[in-house]
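> Sequence and predicted structure, then a few things I'm wondering about:
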Amino acid sequence: MLKIYSTLHRGIVPFEPRDEGKVSMYVCGPTVQSEPHVGHGRSAVAFDVIRRYLAWSGYDVTFVRNITDIEDKIIAAAAEAGESVETLAREMGERFEDAFVGLGVLSPDFEPEATKHIDEIITLTEVLIDRGLAYTRDGDVYFSVRALESYGKLSGRNPDELRSGYRIEVDESKEDPLDFAVWKSAKPGEPWWESPWGPGRPGWHIECSAMAEKYLGRGFDIHGGGSDLLFPHHENEIAQSEGASGTTFARYWLHNGMVNLGGEKMAKSTGLVVDLAPILKSHGGRALRMLYLRAHYRSPIEFSDVLLVEATEALDRLDRFRQRATPGVPDEMALDRFREVMDNDFGTPQAMSLLFDLVRDGNRLLDEGGDGSAIAGAVETIVAVLGLDDASDPAAGEPALTDAEVDALVAERNQARSERRFDDADAIRDELDDQGVSLEDGPNGTRWLRK
RNA sequence: GGCGACGUGGCCGAGUGGUUAGGCGCGGGUCUGCAAAACCCGUUACACCGGUUCGAUUCCGGUCGUCGCCUCCA
């Protein structure tokens, strides 16, 4: 029985999908305004693992991850770069795509872009106006927070608390400072689309409301995103969607924790950012994934070079076992334990613990000459569900030495060893080490592994 | 100020009312020409102060500290 933490419920609750055997998921993807960083990667990996696990558990999963490609920040960034909004959004979208692929994140079933759903957005906005939940002002459309009684139910805030003592730049055209834009009239030089309220563009939250309903329908199962989106973004999505439909928008809300640098949140605004691309290149996507998965997805995690190295070492240990053992029919007890920890709000840290317990058990068995295939099979299964399998690392480079060349050098070294020319043997070993190949001399000969 | 999360051993990071998380590191050992790997043994902690309890790291209250959201943000 799967139990998940839902921000809306403020606790761990049993997961009951809208439709038997199916899961519909919508995850807030990037606003394509700048380079993807390690924080974006964490969110993508967190929901990728959740998705993979649900699918492995037998659910038919429909996974949607949007791209917000029109928004104030993108307009500003494009202006600064002297590019068109469209060009910048496309470029950054590609960077995100590359990074996600590098992290072994599976492609969404749908990846809708805001600018391709203007009609749906306009239709939804009209409904909000008809229902008295939104109003127009000089070509803008605002959502009237006070018109919706349930406003604040996700984030646990009420309008009165929000209002008191806040230094919001009060926009005189709004009826209430808390009201937010659903549609913004175009300023000179900005991209625009025709609408009943004049030329303009969507506000920030409306695209998710419109696209989630289009691809998943009302009352879909899981809505995910970073904890920093909880308010106001997700709160406003709910307000718009439930205000318009009068029914549940999403059943469960999941939020991943932030990535910190030196204890503080990684964020573009503070300059505390580590871009994904160089990390993927230097350490590979699997190492980063390992770093992410060692902590629970809801906890904040620290990122540093030292931690990345630690994760890499842990991954190496796992890989050494995987290269050593031949997988067979998975050990059922191990898989049951895996289900148990994952069914408890996707406990990847416990899954990692289990994985390394299996590695130790498997190694011991193999050392004793036993059959490690069942354990190895379980390890392979778990590794695949966590996305730590080799298929998830397309970035694995072409080796400098071919297998045949390595074999030849190993044979040459062993010849030297048998003649007790150990200096020569060690020289070859060093050479191979430089090429990223490590050797292990055992009773049955020498094994070699690429690092 | 409001809402929320958290303070665990050298580091990272789970978890639990009473029994070894796990990883990395470190020390010792087995094995080995040496090394590496693997295995074995050791390194054993829960911010502080009260309370509840036979017993609290785990529950309750308080103190201190850290962080997130309240403005764009994965």
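Noted; the coordinates are in hand. Residues are numbered from 1 along each chain as shown, chains lettered A, B, ... in the order given.
> so where do the strands sit in the stretch 201-350 of chain A?
Under the criterion DSSP state E, counting those that start in this stretch, the stretch 201-350 of chain A carries strands at the ranges A:220-226, A:250-256, A:259-261, A:264-265, A:301-302.
> Of these, which is nearest A:E340?
strand A:250-256 (19.7 Å; CB to CB). Any C-beta I mention is one placed from the backbone N, CA and C, and that applies to glycine too.
> Distance of the residue nearest to A:N344 when sequence neighbours are not counted relative to A:E83?
Nearest non-adjacent residue to A:N344, counting by CB to CB, 6 or more residues apart in numbering: A:K3, 6.0 Å away. Using CB to CB, to the nearest Å, we find A:K3 at a distance of 47 Å from A:E83.
> what does A:V341 give?
Counting by CB to CB - A:V341 and A:E83 are separated by 47 Å.
> neighbour count winner among those two?
A:V341 (17 against 14; other CB atoms under 10 Å).
> I'd assumed A:R324 was in contact with A:L366.
Yes. With contact defined as CB atoms under 8 Å, A:L366 reaches A:R324; the gap is 6.5 Å.
> Which residues of the stretch 1-150 of chain A lie near RNA strand B?
A:C28, A:G29, A:P30, A:T31, A:G39, A:H40, A:R42, A:S43, A:T68, A:E71, A:D72, A:K73 (CB under 7 Å from any atom of the strand).
> returning to that earlier point: what's the neighbour count on the residue nearest to A:N344?
With other CB under 10 Å as criterion, A:K3 counts 14.
> residue contacts, it?
With contact taken as CB atoms under 8 Å, 6 or more residues apart in numbering, A:K3 is in contact with A:I12, A:V13, A:P14, A:F15, A:D343, A:N344, A:D345.
> re earlier: return the members of the residues of the stretch 1-150 of chain A next to RNA strand B classed as buried.
Neighbour-count burial (16 or more other CB atoms under 10 Å) applied to those gives A:C28, A:G29, A:P30, A:T31, A:G39, A:H40, A:R42, A:S43, A:T68, A:E71.
> so where's chain A shaky on pLDDT?
A:162-172, A:391-399 (pLDDT under 70).
> Show me it divided up by domain.
A:3-256, A:261-392, A:403-450 (automatic domain parsing).
> Endpoints of the first one, how far apart?
Think domain A:3-256. 16 Å (CA to CA, to the nearest Å).
> Just send the strands of the stretch 201-350 of chain A back as TSV, with mean neighbour count and distance to A:P349 too.
TSV is the format used below for the strands of the stretch 201-350 of chain A (neighbours: other CB atoms under 10 Å; distance: least, CB to CB, whole Å):
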stretch	mean neighbour count	distance to A:P349
strand A:220-226	25	19
strand A:250-256	23	14
strand A:259-261	21	16
strand A:264-265	14	21
strand A:301-302	18	11
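> want to throw those strands into JSON lines with distance to RNA strand B?
Shown next, in JSON lines, are those (distance: least, CB to the nearest atom of the strand, whole Å):
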{"stretch": "strand A:220-226", "distance to RNA strand B": "2"}
{"stretch": "strand A:250-256", "distance to RNA strand B": "6"}
{"stretch": "strand A:259-261", "distance to RNA strand B": "4"}
{"stretch": "strand A:264-265", "distance to RNA strand B": "4"}
{"stretch": "strand A:301-302", "distance to RNA strand B": "4"}
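> Could you point out which of the ones you listed sits nearest A:E190?
Going by CB to CB, the one of the strands of the stretch 201-350 of chain A nearest A:E190 is strand A:220-226, 26.1 Å.
> Direction included, what does that closest one pair up with?
When pairing is defined by DSSP bridges, strand A:220-226 lines up against strand A:22-27 (parallel), strand A:250-256 (parallel).
> Then A:V64 would be within a helix, right?
No. Using DSSP: H, G, I helix; E, B strand; the rest coil, the assignment for A:V64 is strand, not a helix.
> Counting neighbours, what do you get for it?
Neighbours of A:V64 (other CB under 10 Å): 22.
> same check, this time on the one 5 residues further on
By the measure other CB under 10 Å, the count of residues near A:D69 is 23.
> From RNA strand B, how far out is A:F180?
7 Å (CB to the nearest atom of the strand, to the nearest Å).
> what's near enough to touch that residue?
With CB under 8 Å, 6+ apart, A:F180 has these contacts: A:Y142, A:F143, A:V145, A:G203, A:W204, A:H205, A:P232, A:N236.
> from these, which two are the most distant?
A:V145 and A:W204 (14.8 Å).
> What residues of stretch A:230-246 count as buried?
Applying 16+ other CB under 10 Å to stretch A:230-246 flags A:230, A:232-245 as buried.
> Dump the C-alpha coordinates for that stretch into CSV.
Written as CSV, here are the backbone C-alpha positions of stretch A:230-246 (Å, rounded to 0.1, in the frame of the first residue of the first chain):
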residue,chain,number,x,y,z
LEU,A,230,4.2,26.2,-3.2
PHE,A,231,3.3,29.8,-2.7
PRO,A,232,2.2,31.6,-4.7
HIS,A,233,2.5,29.5,-7.9
HIS,A,234,0.7,26.4,-6.8
GLU,A,235,-1.8,28.2,-4.6
ASN,A,236,-2.7,30.3,-7.6
GLU,A,237,-3.0,27.3,-9.9
ILE,A,238,-5.5,25.8,-7.5
ALA,A,239,-7.4,29.0,-7.2
GLN,A,240,-7.7,29.4,-11.0
SER,A,241,-8.5,25.8,-11.7
GLU,A,242,-10.9,25.1,-8.9
GLY,A,243,-12.4,28.5,-9.2
ALA,A,244,-13.2,27.8,-12.8
SER,A,245,-14.3,24.1,-12.5
GLY,A,246,-15.8,24.1,-9.1
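> That one near RNA strand B at all?
Yes. Shown here: stretch A:230-246 in contact with RNA strand B (CB under 7 Å from any atom of the strand) through A:L230, A:F231, A:P232, A:H233.
> Also stretch A:437-451?
Yes. Using CB under 7 Å from any atom of the strand, stretch A:437-451 comes into contact with RNA strand B via A:S438, A:L439, A:E440, A:D441, A:G442.
> Contacts for that stretch, please.
Counting by CB under 8 Å, 6+ apart, A:316, A:319-320, A:323-324, A:399, A:401, A:406, A:410, A:413-414, A:429, A:432-433, A:436 sit against stretch A:437-451.
> I appreciate the help and will end here.
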